[in-house]
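**Q** 3D, please:
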Amino acid sequence: MDNFAEQLVKKNLTASEKTRHTVKVVAGVIGTLILLIVGILFLGNPVPSLIGFLLAVGAGYGTFVTMQSSYIEYEYAFTNGELDVDKIIAKKKRKAMISTDVREFTAFGKYSEDIEEDENMTVIISSDNIASHEYYADFKHADYGFTRLIFSPDERILENIQKYLPANLRVKFLREETK
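**A** Down below sits the predicted model:
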């Protein structure tokens, strides 16, 4: 029987990300309005008026794309020991982030800032930005070398991961979970 679980995790923006996003949107709206006003002011002269309107449309579209790009979700797909993580932007564009075999994990557990990171380690963050939900997994990856994945699995994904963890990590994980 196949072990399969799938989960979507919406990324919550941090305060600084929200501020940057708001500044970009406000600047885009103001820029669009200024270009629209320039187009209106030059209605008697068709070339500058047309350029103003075209630039206003471009700025408006750019603002829209900027707004949409802040909506990020991560999809975790677990199938028979393989964990795949994809990034979904604005519910339209999908990018495969990483794929790994859980049996090759060298460390796994609840994530905290106290856990040491090697400076040569590639860190892949695909979590909801809520610290209490975050787990980490360390493993060797063919493309990224020594890698740490920080993610926010639900109970179903955790149960499936636990089944395929190496024995020493499974025992350690179960001890930590019962504390």
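
**Q** quick one, phi/psi of the nearest residue to Gly62 once chain neighbours are set aside?
**A** Leaving out its chain neighbours, the residue that sits closest to Gly62 by Cβ to Cβ, 6 or more residues apart in numbering is Gly28, at 6.2 Å. Every C-beta, even on glycine, is put in place using the N, C-alpha and C of the backbone. Note on Gly28: its backbone torsions stand at phi -70, psi -40 [degrees, to the nearest 10].

**Q** what sits against Gly28?
**A** Contacts for Gly28 (Cβ atoms under 8 Å, 6 or more residues apart in numbering) come out as Ala59, Gly60, Gly62, Thr63, Thr66.

**Q** now the residue positioned nearest the centre of the chain: closest residue in space, sequence neighbours ignored.
**A** Residue closest to the mean C-alpha point of the chain, counted by Cα atoms, centre = their mean, is Ser126 at 4.7 Å. Among residues not flanking Ser126 along the chain, Tyr74 sits closest, at 4.2 Å (Cβ to Cβ, 6+ apart).

**Q** tell me the helix or strand right after whichever helix or strand the one you found is part of.
**A** Assigned by DSSP states H and E, Tyr74 falls within strand 72-79. Once the chain leaves strand 72-79, the next helix or strand it forms, by DSSP H and E, is strand 82-89.

**Q** what mean pLDDT does the helix or strand that that next one is followed by have?
**A** Note on strand 82-89: by DSSP H and E, the next helix or strand toward the C-terminus is strand 93-101. Averaging pLDDT along strand 93-101 yields 95.

**Q** list the buried ones in strand 93-101?
**A** Ile98, Thr100 (16 or more other Cβ atoms under 10 Å).

**Q** and the contacts of the helix or strand hosting Thr147?
**A** Counting by DSSP H and E, the element that carries Thr147 is strand 145-151. For strand 145-151, the external contacting residues (Cβ under 8 Å, 6+ apart) are 9, 74, 76, 85, 98, 100, 111, 117-118, 120-127, 134-141.

**Q** so what sits opposite the residue nearest to the centre of the chain in the bridge?
**A** Counting by DSSP bridges, Ser126 is bridged to Phe151.
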